[in-house]
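A.B. asks: just a sequence and a predicted model for now, questions to come.
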Amino acid sequence: MAAQNQNDKKTTSSEEVLSPNTPSSMNLSPIDLGQIEVLQILNEHGEVDKGLEPKLTDEILLNTYRAMVLGRAFDSRMMTMQRQGRMGTFAPNFGQEACIIGQVTSLTKDDWFAPSYRSFGAQIMRGWPLEHLMRLWAGFHDGFPPPKDVNDLPFSIVIGSHVLPAVGIGMGMNYKKKKDCVVVNYGDGASSQGAVSEALNFAAVYKAPVVFVCENNGWAISTPTKKQSANQTFAAHGIAHGIPCIRVDGNDILAMMCATKEATNRARNGEGPTLIEAITYRMSLHTTADDPTVYRNEDEVKVWEARCPIKRFETYLTNKGLLDISSIQKTHESCEEEVIVARDKFYGMDPADPTEIFDHLYESVPKELQLQREEYLRRLRDKGIDQ
Amino acid sequence: MAAQNQNDKKTTSSEEVLSPNTPSSMNLSPIDLGQIEVLQILNEHGEVDKGLEPKLTDEILLNTYRAMVLGRAFDSRMMTMQRQGRMGTFAPNFGQEACIIGQVTSLTKDDWFAPSYRSFGAQIMRGWPLEHLMRLWAGFHDGFPPPKDVNDLPFSIVIGSHVLPAVGIGMGMNYKKKKDCVVVNYGDGASSQGAVSEALNFAAVYKAPVVFVCENNGWAISTPTKKQSANQTFAAHGIAHGIPCIRVDGNDILAMMCATKEATNRARNGEGPTLIEAITYRMSLHTTADDPTVYRNEDEVKVWEARCPIKRFETYLTNKGLLDISSIQKTHESCEEEVIVARDKFYGMDPADPTEIFDHLYESVPKELQLQREEYLRRLRDKGIDQ
Amino acid sequence: MSKLTMVEALNLAMDQEMARDKNVCLMGEDIGVNGGVFRTTKDLQKTHGEERVMDTPLAECGIVGTAVGMAVYGVRPVVEIQFSGFTMQAFDQIEQNMARLRNRTRGKYTVPMVLRTPYGGGIRAVEHHSESREAYWAHTPGLKVVVPSGPRNARALLAASIRDNDPVIFYEPKAVYRAFREEVPEEPETMELGKAEIVREGKDITLITYGAMMRPCKEAVLDLAEDHNIDVELIDLLTISPMDTETLAESVQKTGHCVIVNEGQRNCGVAAEIIARLNEAAFDCLEAPIKRITGFDVPFPYFQIEEHFLPESEEIVSAVKETLDWQ
Amino acid sequence: MSKLTMVEALNLAMDQEMARDKNVCLMGEDIGVNGGVFRTTKDLQKTHGEERVMDTPLAECGIVGTAVGMAVYGVRPVVEIQFSGFTMQAFDQIEQNMARLRNRTRGKYTVPMVLRTPYGGGIRAVEHHSESREAYWAHTPGLKVVVPSGPRNARALLAASIRDNDPVIFYEPKAVYRAFREEVPEEPETMELGKAEIVREGKDITLITYGAMMRPCKEAVLDLAEDHNIDVELIDLLTISPMDTETLAESVQKTGHCVIVNEGQRNCGVAAEIIARLNEAAFDCLEAPIKRITGFDVPFPYFQIEEHFLPESEEIVSAVKETLDWQ
Ligand SMILES: Cc1ncc(C[n+]2csc(CCOP(=O)(O)OP(=O)(O)O)c2C)c(N)n1
Ligand SMILES: Cc1ncc(C[n+]2csc(CCOP(=O)(O)OP(=O)(O)O)c2C)c(N)n1
Ligand SMILES: [Mg+2]
Ligand SMILES: [Mg+2]
């Protein structure tokens, strides 16, 4: 089951003649664009397609499972904390756990991950302590930079703005002759940003080792995919730029892992970028500032409840003999506990240091800014804030 | 021979099920993208494909022919004037006459045309007096606005920047329930601009009556199409956004006319946008500031000389009995003469009025700007320039 | 008359202008069913239909660029950019077409559109959601830049901007959106663009501000009057560009002292421009350097500490006193 | 030492920096085989290879955005945007990532890149090809903005910008590109960023300018000395941001008079900022209002009349005299 390269099939025969700058003759035969395939390994009922089933160790399967459960536990806790007024605006990932976790399981420490804001599940997997992510969402400056050994970009809040830098990182890998790769995700809404189109083009032209994961979760705030694009699939953006693309059941963790694995392999082998459209669904609010009942029908949410990525994986693992009711419950409990511990740690952390706003903009604070800094410190002192 | 809609074929069956916001089930069948066809009616030797030959009146054929010859005559004269130091930087259209003329022959006065800078052939057809275009290229403010009854945008010098406004005009036509349409052209280089991608998307989503003509002339200054895109065809950008697309031999005037006609028909019928990739070649310099011998092989130019759109059309019209050696010569001569007359008119026109720079920015000059205007007039007076 | 928040007042302006002129339409992300993320366009799609209240794809450059085309064609789009930080995505279309198309065609085409966008800090938003970059637009010839400070002038200025035949950047102080209510007359009301308002006359010093900073300034003025017997002339700029230099200059010629408050970054900001103008227009009356209290030249900080970035009344009080004490 | 034009001097700087540090690479449209539309990168692809001198697709946002990523990864891209007017296409990436990524990650990632772009009028170019919008960048925290005025400082400042670990907007006055030659030492040379240069000491008045406007200013200074016996202190700003206020203030404290010349638009422009700073730093020494001679607040005109838009020496002479005569 491959991320399928529409171009590979025909470049040999037609590229030279069709490119008008090698105009030995003018080829009149139509260009066959081929198909975009859809990958599903685990269906809604947790039944596995034996022919496609990946050979993964029990450890990997169980770790991945726990990561999904932990993501969901973090999600619920953050919602609670936000409702209690102890957390900033938060973007839940409820229902998208397979999609977000599956896209990073094949990354190493040397690889890079460039996430959008709805990516905490993957960030946890990449090594972000939970309390660090809490600081981030609670509006602390120290929450933004990734932990020491983690090669992530800070998550992107300006829609689509991280995709070009992510491609640049891939180009940097080529420049430095590294065999690593980059995974970058963005939403169905983000697909409309011109900068994302430019990013796909640059990646293709420079054969950058980048895996694009377009998380098609049906909605961009209140805007359904139908109003976002007249197309059937966001994977077709790959076609425009000569990038192999595939659609994946984004609620199927095995499909997400396999598709990403194959795409990262291509990247590492110098075969360039791949675009994965992951079809999933935003079960919850856009953010805690949003009220989806205004714009969408709850029936739709019900349909997707049945496609829960975690339940589906539990069925599979249970059938495989790796889980049973009690170990499932234990996993949920231990994740819940881990989140509570992190929460308490977070509550015990230092308050924000208001003085730091001048310190990280330049390598050293320019004299001019030093004066503003003093002005600012005076303001703080006048307010009775001493540092 | 149709601008082929990849989507039309399958929307009925798959759209609902594949769009995740109507998620009654998850369709796993691959999406067939179909083919991009290539249209050629008149081949390099001027031989016509009888099955595709359009039924056009002699008058239309001869008018179109003359427009192409006039465009070329204008082109040569402008180059000469520029070399003589009597013209500003100029972008020739040599060899692209079929492409530029063919894209506007089906437009009415109520339709709009949104050109890039290499479009004087079409601008002449749309009603721009030759001397007006000369003023434009010579850096006079009065050269930029289209003549009174001409619905053109001023040509765009910032690559790709006119494509979104062109789509907006189409959206305006929908808003006002008009049955008119817009033709907008841009280059292979311009295809890389994110704004062009956004324009395609908006046009598709709002079913705007817009015909996109991507003039693939092999080069963007020194950048060959191969470095511009990893794809085989710029028409595939249409695929990304669900826009029907077709490749056309851009040196074949009949193909250009037919493809555009069909696309404008679709637009007027409320069927939305079409993308035409016209395959042509920039025979001459990028602009008079450019020296192509630095970056391209002259052999390539020779290959394309044999594909001359004008000679090809002359052969066809001669075979049809509409032209002979003497009428061909007469056409060339009369076009040359028309250009000379325009040139002389241009040379006799008023010098630029330096005072006008404040007059057209706002509906009325704000008081603030009035003060600057006085300052500026004083500057002019001090230099001995009286108005 | 009813007491409206700024959000409601803006909604009223759009509703009435759409009723008045069928060419007025709205474009933006999530402005339809959802009524905009701040609910400013609430129910307008219900009232005026999907064709006139258009939810757009998520592409600011696309929104502004197509709105320019619609405006050229005779429609009058009122565009909402969800947060002013995202106008950067549309910078090219704003600078190259929205601001210039009239000039490029010597008035053959006009661009009667309004770009509405919430700006500024103070609502504990995430990064890139608290930008005040009105100076970019003031530095861009061809635009008008309008910043209301309360419900009533917000409504009147928005209506005037929609009727104006030139492109307007309409910067809405989101910190004021729901901060207080004001009487807003039911009948359509407009205010002339390009006029500053003397909110309070005073003889000792001129305090110039706009938008969300009106509130701390008003507090400071009260404080200064009551506790320090200082009589401040308070000016609300309302239109940033073209600027009403005359009103500012006359005031400073009278008071001889001036403090300017705005939350945007300082370097090449609006306060600098005001100082430059007053330097020219009131040099011989100035008895002390003009003081500017502005955002600092760093990105707007994350929300745990944003309150310290924003000018507050205490500091304005000190600045006024320092300016009057200067020698 | 050889006599180089600014274009040649810039080429030398890039060539040498690439030789010195293999992480330095170039990106831009037509910079490879073609050597750039102004030939600034001539032969550099031949010397350093296609991987280090990268022709890019025609997408400024793409160029800047990917360069940011490369810089984060430890490469040091020097990006060419063909004309400064087209930086608008990259505004979002410049403002949101290039300028901020260091701050967003508290220094974990740095963005050591240079964005070179020719700015300004005077070469009879078509529309959008003569923009001077350095004020946009000065108003954007996180950037350094550098503008050379001659071949020698262009070379030294570009080398310094390439070595700097912060993102630099390097604005090249295209009117100066081939206007004159200057001795440029062969050995690599750098100049400290953030320092203005006193080009000529004088006691009567301070004349502040930068970039292409140095030439008319120099003419004016000569003229004023010879014909009017006025002794001008001429300052070349060189770095627009962060600005060397100290040097400017000291000069004006000495002379008591100041004229500023720049070709960018006036409203919220660089001259306004200088006035605001001097108002603070030299208020009690100022004997006359500071005069600014700048571009007007209209788009740069088409080339038949562009010469009238640009400040010339005669006007600078008058402004200096008026300032000195002021009372
Ligand atoms: C450039 C920009 N425009 C608008 C927004 C406001 N906004 C935040 S999230 C969002 C919707 C994003 O939808 P999508 O890309 O599908 O991601 P999802 O939220 O569904 O994960 C919008 C419009 C933004 N953050 N950045
Ligand atoms: C936004 C922008 N970037 C760069 C340029 C400089 N430039 C002018 S024409 C051109 C190449 C355009 O190529 P293409 O779109 O293929 O059109 P063609 O010239 O071949 O007709 C470039 C890079 C520009 N005018 N605008
Ligand atoms: Mg989404
Ligand atoms: Mg081209």
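C.D. replies: Arrived safely. Model, not experiment: these values are computed from the prediction. Ligands and ions are numbered 1, 2, ... in the order given.
A.B. asks: OK, contacts around the residue in chain C that chain D sits nearest to?
C.D. replies: Nearest to chain D, among the residues of chain C, is residue C:91, at 3.5 Å (CB to the nearest CB). In this view, the C-beta of every residue, glycine as well, is placed from N, C-alpha and C. Counting by CB atoms under 8 Å, 6 or more residues apart in numbering or on different chains, residue C:91 touches C:136, D:88, D:91, D:92.
A.B. asks: if you set the cut-off to 10 Å instead, what comes out?
C.D. replies: Residue C:91 is in contact with C:60-61, C:64, C:136-137, C:140, D:61, D:87-92, D:94-95, D:136, counting by CB atoms under 10 Å, 6 or more residues apart in numbering or on different chains.
A.B. asks: closest to ligand 2 among the residues you listed?
C.D. replies: Among the contacts of residue C:91, residue D:89 lies closest to ligand 2 (CB to the nearest ligand atom), at 5.1 Å.
A.B. asks: counting neighbours, what do you get for the closest one?
C.D. replies: 31 (other CB atoms under 10 Å in any protein chain shown).
A.B. asks: residue C:43 too?
C.D. replies: Other residues close to residue C:43 by other CB under 10 Å number 13.
A.B. asks: residues in contact with it?
C.D. replies: Residue C:43 makes contacts with C:11, C:15, C:33, C:35, C:53, as judged by CB under 10 Å, 6+ apart.
A.B. asks: now, the residues you listed that are in helices?
C.D. replies: Here DSSP state H is the test, and the contacts of residue C:43 give C:11, C:15 as lying in helices.
A.B. asks: output the below-cut-off pLDDT ranges for chain C.
C.D. replies: C:1 (pLDDT under 70).
A.B. asks: ok, the contacts of residue C:43 vs residue A:64, which is closest?
C.D. replies: Distance ranking of the contacts of residue C:43 against residue A:64, using CB to CB, places residue C:33 first at 37.3 Å.
A.B. asks: I figured that closest one hits residue C:55, correct?
C.D. replies: Yes. Under the criterion of CB atoms under 10 Å, residue C:33 makes contact with residue C:55 at 7.5 Å.
A.B. asks: show me where the chain has its strands.
C.D. replies: I'll assume chain A. A:31-32, A:35-36, A:38-39, A:112-114, A:182-187, A:210-216, A:219-220, A:223-224, A:245-249, A:274-279 (DSSP state E).
A.B. asks: you looked at the wrong chain, it should be chain C
C.D. replies: With DSSP E, the ranges of strands along chain C come out as C:2-4, C:24-28, C:53-55, C:76-80, C:114-119, C:144-146, C:168-173, C:182-184, C:197-200, C:205-209, C:232-236, C:239-241, C:258-265, C:291-295.
A.B. asks: for those, which one ends up most surrounded?
C.D. replies: strand C:205-209 (a mean of 29; mean count of other CB atoms under 10 Å in any protein chain shown).
A.B. asks: counting by contacts, list what it packs against.
C.D. replies: Judged by 3 or more CB pairs under 10 Å, 6 or more residues apart in numbering or on different chains; DSSP states H and E, strand C:205-209 is in contact with strand C:197-200, helix C:214-228, strand C:232-236, helix C:245-255, strand C:258-265, helix C:270-281, strand C:291-295, helix C:313-325.
A.B. asks: who's in contact with the residue nearest the centre of chain C?
C.D. replies: Centroid check for chain C by CA atoms, centre = their mean gives residue C:147 as the closest residue, at 1.6 Å. Residues near residue C:147 by CB under 10 Å, 6+ apart: C:119-120, C:132, C:134, C:153-154, C:157, C:169-173, C:209-214, C:236-240, C:262, C:270.
A.B. asks: same question for residue C:317.
C.D. replies: Residues near residue C:317 by CB under 10 Å, 6+ apart: C:216, C:219, C:220, C:221, C:222, C:223, C:224, C:227, C:228, C:230, C:232, C:259.
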